[in-house]
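# Pasted the sequence and its predicted model underneath.
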Amino acid sequence: MRFFAERTIFSRALAVAARTQKSGAFPVLDHVLIQAAKDQVTLTTSNLTQWLDVSFPARVDEAGQITADFRRLKSLVDGLADGAEISVEGDGREKTTVKGGRSRYSFPSFDPVDFPPPAACGEEAWLSLPPADLEYLLSVEFAVSDAETHYFLTGVHVRAASGRLRFEATDTHRLAAASVECEGAEALLEKEAAKSKNSIIIPSDTAKIIRATGGDDPVRITFRDAKMFVAGTLGKISFTLTSKMVEAIYPDVDRVIPEADKNGIEMNRAELRAALRRLMTLPDKKKSMVVIGEHEGQIQITSRNTADGTAGAETVASSRDPGPVEIGANGFYLIDALDAMTTEKVILSVPAGVGKPLRFDSPDDPNRILIIMPIGMD
């Protein structure tokens, strides 16, 4: 196999492929599978949960496939001058040779057949989403659980109803949900759920990879045999991400989502976020609670470091008097929820009973719900 590629596009393709490349117990996973055919080269990396195929244009003199140590190859290509033409060749058995300008390097190579191949997507229907819509849906990822004891919560749950595609995540302390219009989503998800007997749950790492990769044009996604497939383009580069899914049944989170308060308290999101960030410089590492209360008809948030007696209070302008309220909540969770939002205003629904969750909505974004469970103040 032998091909020639321009250094800038080769380097960018390697940067995309790096998102699933991970050293592990299998030495072959330290390598990238390189396949050349016609006028295109495809790089494949894997960690055995996700596979990423990244294709870019190249001049192929001899078709074939080889492997090369990923980190060494990426470091070499990144270190060559912009505009340089790079050649890669190998016999697919012993070594891979890379040349660029006056540089020449040889790397040991694995037999390409030893590289674990991604699953075939088949002829499934694809859902097409603008990159902004996909990013909007995946913004719920911050609420995913990292607890192994809650394996079924370690991913983003995907479902559809009434012509809308909805992503949701929770770690039992907080919950985030977002939805967009998406034609064909219900039929596709119902078919996959019936076949797998599980909920459709995207691993948290997969959600992070999709968000980091992005795309210039509408991104296509589909689900088949407990796997997710994502295809998109980045300029002259095209990519397909294949990921296993979390095989579990996701709980019905609608049961714990309170109704929005018609008389909710409206605040400026940036002002509230800045106040919380200042307050969160005070608590010790073991206690991250802030107390939401009332002061002179406005929302007041307080924080205290019990170790040294440091205390702080922030008053945030609100649309109405919150009344007699005193609720403890994790300040960092509140900041994460506000970071996930992009609107100027937020509406806080204050729970009526003890232990009831806080709900954040926005008058300009009715398709997002954010829930934070309170902390006992005893």
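Everything's here; your move. Residues are numbered from 1 along each chain as shown.

# Strands of the stretch 51-200 of the chain, start to end?
Counting by DSSP state E, counting those that start in this stretch, the stretch 51-200 of the chain has strands at residues 59-62, 64-69, 85-90, 95-100, 103-108, 127-129, 155-161, 164-170, 174-181, 200-203.

# what is the mean pLDDT for stretch 47-56?
Mean pLDDT, stretch 47-56: 94.

# residues in contact with that stretch?
The list of residues contacting stretch 47-56 from outside it, by C-beta atoms under 8 Å, 6 or more residues apart in numbering, reads 5, 9-10, 12-14, 16-17, 19-22, 24, 26, 29, 40-46, 116-119, 203, 205-206, 209, 236-244. (C-beta placed from N, C-alpha, C; glycine too.)

# Looking at these, which are in strands?
Mapping the contacts of stretch 47-56 onto strands (DSSP state E) picks out 5, 40-46, 203, 237-244.

# What subset of these is buried?
Burial by neighbour count, 16 or more other C-beta atoms under 10 Å: within the ones in strands among the contacts of stretch 47-56 this picks out 5, 41-46, 203, 237-244.

# ok, so of those, who is nearest D336?
P203 (19.2 Å; C-beta to C-beta).

# who are the neighbours in contact with the spatially closest residue to the closest one that is not a sequence neighbour?
Of all residues beyond its chain neighbours, the one nearest P203 is G155 (4.8 Å), with distances taken as C-beta to C-beta, 6 or more residues apart in numbering. Contacts here follow C-beta under 8 Å, 6+ apart; on that basis G155 touches V144, A169, I201, I202, P203, S204, T206, A207, M245, V246.

# Let's see if you can find the most crowded of these.
Counting neighbours by other C-beta atoms under 10 Å, A169 leads the contacts of G155 with 28 neighbours.

# shouldn't that one be in contact with V158?
No - with contact taken as C-beta atoms under 8 Å, A169 and V158 are classed as non-touching, separated by 10.3 Å.

# Would you report the backbone torsion angles of the residue in the chain sticking out farthest from the centre?
Ranking residues of the chain by C-alpha distance from their mean position (C-alpha atoms, centre = their mean) puts E296 at the top, at 41.0 Å. Listed backbone geometry of E296 is phi 50, psi 40, with angles given as degrees, to the nearest 10.

# tell me, how many neighbours does the residue lying closest to it once chain neighbours are set aside end up with?
Nearest-residue entry for E296: T315, 7.6 Å, with adjacent residues in sequence omitted and distances by C-beta to C-beta, 6+ apart. Around T315 sit 15 other residues, with neighbours defined as other C-beta under 10 Å.

# per-residue confidence for T315?
Residue-level confidence at T315 comes out at 94, pLDDT.

# Tell me the helices and strands packed up against the host helix or strand of it.
T315 is located in strand 311-316, with elements delineated by DSSP states H and E. Using 3 or more C-beta pairs under 8 Å, 6 or more residues apart in numbering; DSSP states H and E, the elements in contact with strand 311-316 are helix 269-279, strand 298-304.

# where does this protein have low pLDDT?
Counting by pLDDT under 70, the low-confidence segments of the chain come to 23-25, 123, 284-286, 306, 353-354, 377-378.

# who touches the helix or strand L33 falls within?
Secondary structure assigned from DSSP H and E places L33 in strand 31-37. Residues external to strand 31-37 that are found in contact with it (C-beta under 8 Å, 6+ apart): 1-3, 14, 17, 21, 41-45, 58, 60, 62-70, 73, 88, 96, 109-110, 112, 115.

# now swap in stretch 8-22 and tell me
The list of residues contacting stretch 8-22 from outside it, by C-beta under 8 Å, 6+ apart, reads 29, 32, 41, 43-47, 50-52, 54-58, 70, 73-74, 77-78, 82-83, 86, 209, 212-213, 234-237, 239, 241.

# Show me how to select, in PyMOL, the buried members of these.
In PyMOL, selecting the buried portion of the contacts of stretch 8-22, with burial taken from 16+ other C-beta under 10 Å, looks like this:
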select buried, resi 29+32+41+43+44+45+46+47+50+51+52+54+55+56+57+58+70+73+74+77+86+209+213+234+237+239+241
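
# burial measure for the residue lying closest to A185 once chain neighbours are set aside, as a count.
Here the nearest residue to A185 in space, its sequence neighbours aside, is A160; by C-beta to C-beta, 6+ apart that works out to 3.8 Å. Each residue near A160 was counted by other C-beta under 10 Å, and the total is 19.
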